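> Curious how this folds, go ahead:
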Amino acid sequence: MKILFVYADYPANTAPDRPRHGFYSEGLASLSAVLKLEGHDVKLLHLVSPIQREDYIERIKKASPDLVGFSTWTNNFQDVQKYASWTKEAAPESITVSGGYHATINPMECASTEGIDLVVSGEAEGAIVELCSALDEGKGYEKIANLRYMRNGRYFENPVRPLIENLDSIPLPDFSLFDYPKLESSLIRTASVMLSRGCPYSCTYCCNHKIRELYPNKNRYVRFRSPEGSIEYIKKLINDYQPIKYVSFLDDILPLKKKWFFDFIDRYKTEIGLPFSCNARVNLITDDVATALREAGCYRIHLGVESGNDYINNHILNRHIKREQIVRAFKACHEVGIKTLAYNMVGLPYETLPRILDTIKLNAEIKTERALAAIFYPYPNTKAYEISREAGFIPTTFNYGDEVLLNQPTLTEDEVRFASAFFRPFMKAYRLVMKMPPVIRKPLESMLDKLFCNRHMPHALLVSMAILPKKVRRFTQEALKTYSPGLYLAIRDQLLRASRSEAKP
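Coordinates of the predicted model:
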């Protein structure tokens, strides 16, 4: 069969035909690998910005696919709906399939979309191979596990097959599906790697808890490739796409399973040896883990703080992480010379400016080198969405592609945007003040507290003033990556070498 994956890989509200570089998708690469193993012809339409109808239809007609699969996530769902409709115009006989996170947690919505024939919920390797075989042989597919669909106004939902417990049993991802040298990561000579699937935690803002419940063997939700299989994966990627200088692990939590982690990291150190970044969880960063990461070449670790307020962290986000654990984890990383990036959110349910200030002050205390302050997005069917809906915080007009700000009496939309835009300036100010003697520190800290929590500030004006410098910085980075990637990489290499030279032996 001729199979075409359509990957709308761009943020919501991206301008049409805007020059951008795309991102690797492990899910699509894995599906391509199992399909090619069965002899199918697989291609990718990788859209890094919105495409016009005429151009899209022309590309579909040229590809002449038997099956079109859409990588569907919440923020690109509106465009997937549009592309599915256009696909039926261009290739009315083709079968259209929606898969991915949004299709998994909102299957009925996807199945009800005009132009989408079938939805695959959960891991799709087995379902997509079985579906293509049935289509090839002219057999029915209505009973295939993981499929959902609409027929004559009725919604049908098949059981979900068990998780693939042994990740080494599936072929290595088909990296050739992508124009790998043109990916965002490749421009900075970085290999994007994912060695695991699943997360054992049930944070309310994430969809993992919802997806985990689908499977009959949900207790095996978290799986890693074997250390040997993981090294094979990385070696293949590096050998196929030279020159690779860095590795970026995309796994939710790389040091999740300690036995696996120490076995893998020893092999990585001796057999790969490239500098890398990874994600982790603060309660799992112990001194021995931090030391092992640093000795293997970790130059930056990404850790979720999310909120510095105990009530928000424990009762709203269900993270159950103590402030002391956060402080200890960042300290452990810094002591061995690993730079840190802290993930934070603002605009959470039941949040106030003083509660956001708790997060800012905690980021100042932990001395993270980088801090991101994303505006909370209530992804449908997550527990955080239900908390927000039950409290009446969800706007009446809810468009997936738009920025969604909760309607809360304790926090206006402009205050949320202000908190996100000025998170880092206030963090740096508090960090500076925290170094001062108590006699100076206390009045200055009180002044900053009052300034940030003042609800009469012109928040909208301040946000508009902050936007221009950010746009200039982002434009400069994109221009360097696009037109002078060598210079961008040289600057990045120099900064990383400088950070590594600061590390303690």
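> in terms of contact, does residue 423 touch residue 370 like I think?
No - the pair residue 423 / residue 370 is not scored as a contact, 11.4 Å apart, by Cβ atoms under 8 Å. No exception for glycine: its C-beta is placed from N, CA and C like everyone else's.
> So for those two, which residue has more residues nearby?
Taking neighbours as other Cβ atoms under 10 Å, residue 423 and residue 370 compare with residue 423 leading, 21 against 13.
> mind listing what the more buried one touches?
By Cβ atoms under 8 Å, 6 or more residues apart in numbering, the contact list for residue 423 reads 344, 346, 359-360, 363, 371, 373.
> Can you report phi and psi for it?
Backbone dihedrals for residue 423, given as degrees, to the nearest 10, come out at phi -60, psi -50.
> any idea how far residue 375 is from it?
Separation of residue 423 from residue 375 (Cβ to Cβ, to the nearest Å) stands at 10 Å.
> what does residue 427 give?
16 Å.
> Residue 128 now?
Relative to residue 375, residue 128 is positioned 34 Å away (Cβ to Cβ).
> hmm, back to that, only whichever of the contacts of residue 423 are buried, select them in ChimeraX.
To isolate the buried subset of the contacts of residue 423 in ChimeraX, counting by 16 or more other Cβ atoms under 10 Å, use the following:
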select :344,346,359,360,363,371,373
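> quick one: the strands in the stretch 101-250 of the chain?
For the stretch 101-250 of the chain, the strands defined by DSSP state E, counting those that start in this stretch occupy 118-120, 147-151, 154-157, 190-193, 196-197, 223-224, 246-249.
> okay if I get the ones you listed as TSV plus mean pLDDT and mean neighbour count?
Formatted as TSV, the strands of the stretch 101-250 of the chain follow (pLDDT from 0 to 100; neighbours: other Cβ atoms under 10 Å):
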stretch	mean pLDDT	mean neighbour count
strand 118-120	98	27
strand 147-151	97	18
strand 154-157	97	12
strand 190-193	94	22
strand 196-197	98	20
strand 223-224	98	18
strand 246-249	96	21
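> Tell me which of those strands sits nearest to residue 24.
Smallest distance to residue 24 across those (Cβ to Cβ): 4.5 Å, for strand 190-193.
> Name the strands paired with that closest one and say parallel or antiparallel.
Next to strand 190-193 in the sheet, as set by DSSP bridges, lie strand 246-249 (parallel).
> now the helix or strand following the strand it pairs with: mean pLDDT?
On the C-terminal side of strand 246-249, the nearest following helix or strand under DSSP states H and E is helix 258-271. Taken as a whole, helix 258-271 carries a mean pLDDT of 98.
> Name the residues that touch helix 258-271?
So helix 258-271 is in contact with 195, 224, 227-228, 230-231, 234-235, 254-255, 276, 289, 292-293, 295-297, going by Cβ under 8 Å, 6+ apart.
> so how far is that helix off the chain centroid?
Helix 258-271 sits 24 Å away from the centroid of its parent chain (Cα atoms, centre = their mean, to the nearest Å).
> do the same with stretch 265-283
19 Å.
> Pull out the buried residues from it.
For stretch 265-283, burial by neighbour count (16+ other Cβ under 10 Å) applies to 265, 267-268, 272, 274-282.
> wait, residue 317 sits on residue 206?
No - at 9.3 Å, residue 317 does not count as touching residue 206 under the criterion of Cβ under 8 Å.
> The two: which is more packed in?
residue 317 (26 against 19).
> that older thread, could I get the strands of the stretch 101-250 of the chain as CSV with distance to residue 323?
Converted to CSV, those look like this (distance: least, Cβ to Cβ, whole Å):
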stretch, distance to residue 323
strand 118-120, 41
strand 147-151, 43
strand 154-157, 43
strand 190-193, 32
strand 196-197, 28
strand 223-224, 30
strand 246-249, 27
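> Tell me which of those approaches residue 168 most closely.
That would be strand 223-224 among the strands of the stretch 101-250 of the chain, by Cβ to Cβ, at 9.6 Å.
> Could you check the pLDDT of the residue nearest to residue 366 when sequence neighbours are not counted?
Distances taken as Cβ to Cβ, 6 or more residues apart in numbering place residue 330 nearest to residue 366, at 3.9 Å, with adjacent residues excluded. With respect to pLDDT, residue 330 scores 99.
> which ones are touching residue 317?
Contacts for residue 317 (Cβ under 8 Å, 6+ apart) come out as 203-205, 306-307, 348, 384.
> Export those as TSV, with columns for pLDDT.
What follows is these, written out as TSV (pLDDT from 0 to 100):
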residue	pLDDT
203	98
204	98
205	97
306	98
307	98
348	98
384	97
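> how much space between residue 201 and residue 483?
Remark: distance between residue 201 and residue 483 (Cβ to Cβ) = 41 Å.
> more neighbours, the two?
Higher neighbour count among residue 201 and residue 483: residue 201, with 19 against 10, using other Cβ under 10 Å.
> No further queries at this time; thank you.
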